[in-house]
Each structure stands twice: as structure tokens, then as C-alpha cells.
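Visitor: just a sequence and a predicted model for now, questions to come.
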Amino acid sequence: MDLYAILKITWWALLGILLTGLGVMVGMDMGVGASLRYLGRSDGERRAVINMIAPHWDGNQVWFILGGGAVFAAWPTIYATAFSGLYIVMLVLLWSMIVRPLGFEYRSKLPSRRWRGGWDWMLFVSGAVPMVVFGAAMGNMLEGVPFHFTWNMVSYYTGSFISLFNPFAILCGLVSLALALYQGGAMVMNRGEGVIRERARRQLTVAGLAALGLFTVCGVWVWRMAGYVITGGADPAGPAIPLHKTVAVVSGAWLHNFQARPVLWLLPAAVYVAVLLGIAAARSGRSHVSWWLGVVSWIGTLGTLGAATFPFMMPSSSNPSQSLTVWDASSSRSTLLWMLGWSVVFVPIILTYTSWAFWVMRGKVTPEKVEQDEHAY
């Protein structure tokens, strides 16, 4: 296979890894924020829950930046098309995330119950909304996004804000939120004690079962959904010009890769096995095992999406033949090669310092400890 095609596939896989890191690390924090009012019933308990993720939540945002940066550098056509056509969605995502650091920093500045309650709701919004948007975006990659190009590669988005949050997209958003609540529950179990830990265990169990139910419904929906198939003109080593191929919309096409390579069925199977084992581990008190099995469930979920849609990355419902794929939406060969070299250096560094930070700042967090710490949120 040509080196350029190998680099494209490599960066497609790396993007999947970055999105998985986003789902696990950012999703964990978002899951804690979205369930704050359930996990903590008193002000002291909520402060304890917030301080369980306080040492890491801002560092975990690196995965969000890495994901956006990777799309910008490795897949510029996708970045330009998505960030211009889905501009309002991006603003909703950013607005919801902007109030997140404000909630952490300002919540305990005043003793007023109304003041702190208002910021608790902001933390709920800034936790739930981004995960729903993240999942909805993945859902739209299966349904197709209404955009097309002119002859000179100017993209036009022909849909509406409401159309992006269609029933299937919302369903995928709820899968994402449920997995985040599972991961957040495992995190709080790791660092909490007493009633907080017990609530986190119940949350993990309910969220995990909900994720499996929603994931199953999504699978049946995709089975009955029309997918995209390249019928000609695609060149794996060709330039980033998505105007030279033909694409057909075929019922059940998103299952073709699974039918051609049955080993891919291990990806959705991993979701069921990981979540069920994670719930069992939580019930036996092994929350760290539950957390790592949550990682496996994210890998299986996003891996299933990637395996179903490959080589499509952003299908067009307006003009299917102008869909963006792995083969015709990437940067140049030299750009992908240079980026790969730097990634080999810096991604291990990120993983190392993240692991070190979690190890150094490990331990239980209780309301009593938070009250005695003047630096706590």
C-alpha cells in the first residue's frame, strides 16, 4: 500500500484514540458534574464530590484540545466544513463549557444557599450538554450531514440547527451521557466514602444498564438505516478533493464492513461485556476495575462507529458523492508524516504526566477534609 494511504489510515486510527481519550477523561468529569446534585445531598457532600475531580478536570481538557487540533491539522477539509456548517452547535458546546470553570471557581465564594445552588445547576448543564452534543455529533456521522461543495471547493451547509438534533442523534447523545455518568460514578467510587460512594455505585449501575439499552436501540436503528457505499472514483493515495468519486446510499450499508470482516463484531460485544463486568466489579467494591472497564466500553462504542462508517468520516446527505472520506479529506503526505513524528514524542509524554498526576493526587476525599482545607473548592 502507498505510504500516503498508510498515513491516512494511521491518522484515522489516531483520531479515534483521541476521541476515546476525550470520552473517557472529559466524559468522566462531565459525568460527575451532571450528577452532582444526586451524588451530594448537602453542601459539604457536593464540595467533596467537586474536589474529587478538582486536581484533574482542567488537565483532562487537553484531550478536547488534542481532538480539535488533530482534526484541524490532519483533516482540514473536515474541520472547515464542520466548524462552518455546524457553527451554532459549536457555540452551544463552547458556551456550556465556559460556565464550567466559573462554577468550580465561584461556587464557594459566597455562603448563600441560592448562590451555590445556582452554580450547581451550571455544573449540571456544563456536564450534560457537552456529552449530549458529542454523542449527537457521532450520530450525525451515521445519518449524514446536509452539506455540499461547489466546483471550487466552497462548502455550503443546507440544514438547520434543529435538524442536527434529530431523534437518532439525541439517542446517540444519551448513549454518550450514560457512559459519562458510568465513568463519573466509577471515579467517585474510587475517591469517595460512605453514602457518597454508595450513591456513586447505584449511579454506575443504572447508567451502565441505560447505556447498554440505548446502545442496543442504536444498533437496531443502524441496521435499518440507509448507509453510504463508494461505487467508484476513490483513490486511497489521491489528493484531498472529494469531487471525483461516486457514492450510493444503500439500506444496511453500515453493516457491510462487519459482514466482510466478522472479527469487527468484537467491538460492540466488548461494550456489553465491559459494562456488565464493570457493574459486577462495582457491586463487589472494585471500583478501579469498573473504571478501566469503562475505558473498554468507550473503545468499543467509538470503535463500532469507526468500523461501521470506514472509510467515510463526514457523509453528505445533500450530495452523497461529495461525502468526506479517509481518502479525500486529509492533509498532505508531508504534513501527516511530520505530525506523526511529533505525536510519537508528545502523546506518551501526555499519558505519562497524566498518570503521574493521578498517582500523586490519589486518595479519599471527604466533606470533613474539604472543610479543613482552605485551598479546596
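Guide: Thanks, I have the structure now. What you see is a predicted model; the values in this text were computed from it and never measured.
Visitor: using CSV, list the CA coordinates for stretch 55-67.
Guide: Taking C-alpha atoms only, stretch 55-67 is exported to CSV below (Å, rounded to 0.1, in the frame of the first residue of the first chain):
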residue,chain,number,x,y,z
PRO,A,55,-7.0,18.2,40.6
HIS,A,56,-7.6,16.9,37.2
TRP,A,57,-10.6,18.4,35.4
ASP,A,58,-8.7,21.2,33.7
GLY,A,59,-5.8,18.9,32.7
ASN,A,60,-8.3,16.5,31.2
GLN,A,61,-9.5,19.2,28.8
VAL,A,62,-6.2,18.5,26.9
TRP,A,63,-8.0,15.7,25.2
PHE,A,64,-10.6,18.1,23.9
ILE,A,65,-7.9,20.4,22.5
LEU,A,66,-6.0,17.5,21.0
GLY,A,67,-9.1,16.2,19.3
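Visitor: hmm, who's touching stretch 97-114?
Guide: The contact list for stretch 97-114, computed with CB atoms under 8 Å, 6 or more residues apart in numbering, reads 33, 43, 47, 50, 54, 57-58, 115-116, 119-120, 122-123, 125-127, 130, 376-377. Backbone N, C-alpha and C define where each C-beta goes, glycine included.
Visitor: stretch 289-305: which residues count as buried?
Guide: 289-291, 293-305 (16 or more other CB atoms under 10 Å).
Visitor: nearest to residue 239 among those residues?
Guide: Distance to residue 239 across the buried residues of stretch 289-305 (CB to CB) is lowest for residue 305, with 26.3 Å.
Visitor: excluding covalently adjacent residues, which one is nearest to the closest one?
Guide: Nearest-residue entry for residue 305: residue 138, 5.6 Å, with adjacent residues in sequence omitted and distances by CB to CB, 6 or more residues apart in numbering.
Visitor: these two touch, right, that neighbour and residue 174?
Guide: No. Contact criterion CB atoms under 8 Å: residue 138 and residue 174 do not qualify, at 11.8 Å.
Visitor: next one: the helix or strand harbouring residue 180 to chain centre, how far?
Guide: Secondary structure from DSSP states H and E places residue 180 in helix 167-191. In terms of CA atoms, centre = their mean, to the nearest Å, the centre of helix 167-191 is found 10 Å from the chain centre.
Visitor: and the helices in the stretch 201-350 of the chain?
Guide: 256-260, 266-283, 287-309, 333-360 (DSSP state H, counting those that start in this stretch).
Visitor: returning to that earlier point: tell me the one of the buried residues of stretch 289-305 nearest residue 365?
Guide: Closest approach between these and residue 365, by CB to CB: residue 291, at 15.7 Å.
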